[in-house]
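K.L.:
Can you look at this prediction? I've put the sequence above it.
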Amino acid sequence: MGTLRDKLGDSANREKVIEDGIKMIDAEVSDKGGLGGLAIKGAYAMVKGIAPGIMPKLLNGMLDDFLDALSPYYDEAVQKGVDLKQHISQQHSAVANALLAVTDQRAAKSGAGTLKKGYEKLRPSAQKHVEQALPRLADFVKTFAG
């Protein structure tokens, strides 16, 4: 069967997971509306503008931690034989917190002042945005993990 990290993070799939993961993030950011969405779109464009090509590097660097954070929810859905999207939607707050713990830890260690400041400004609203992204993330995971 294998772990979620085995399925999505192994060398055979990793490049495609990262490539499609960036497309998923791009789509999620693009779909954001309102003032909060405007702030997220601006911050995302700034990050991509400061260092073109940084998003694949960032995702690659955090992928294993994201997969480890998501694994208990994925494993539980598989064990119970329930749909992953439905399962994580029912636990949206806990799942979002687990994923944000990864980015919080990374931001705390970051020496990139501009990126760190941008993250800190957006962090208070991140929980809501990550929760909104979970259905798309579940579909993404199912594409690669089944």
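P.N.:
That came through fine.
K.L.:
Look at residue 111 and tell me its secondary structure.
P.N.:
coil (DSSP: H, G, I helix; E, B strand; the rest coil).
K.L.:
same thing with residue 2?
P.N.:
coil.
K.L.:
Could you shift the numbering so residue one becomes 27, and keep it that way?
P.N.:
Happy to do that; since the first residue is 27 now, the last one works out to residue 28.
K.L.:
That one: neighbour count?
P.N.:
Residue 28 has 9 neighbouring residues, counting by other Cβ atoms under 10 Å. Where C-beta positions appear, they are placed from N, C-alpha and C, glycine not excepted.
K.L.:
How about the one 10 residues further on?
P.N.:
Under the neighbour criterion other Cβ under 10 Å, residue 38 is assigned a count of 8.
K.L.:
host element of residue 115?
P.N.:
Counting by DSSP states H and E, the element that carries residue 115 is helix 110-116.
K.L.:
Buried residues, that helix. List them.
P.N.:
110-111, 113-114 (16 or more other Cβ atoms under 10 Å).
K.L.:
Could you do stretch 53-72 as well?
P.N.:
Buried residues in stretch 53-72 (16+ other Cβ under 10 Å): 54-55, 58, 66, 69-70.
K.L.:
which two in those are spaced the farthest apart?
P.N.:
54 and 69 (13.2 Å; Cβ to Cβ).
K.L.:
Now do the closest residue to residue 95 other than its chain neighbours, the pLDDT please.
P.N.:
Nearest non-adjacent residue to residue 95, counting by Cβ to Cβ, 6 or more residues apart in numbering: residue 124, 4.1 Å away. As predicted, residue 124 sits at a pLDDT of 97.
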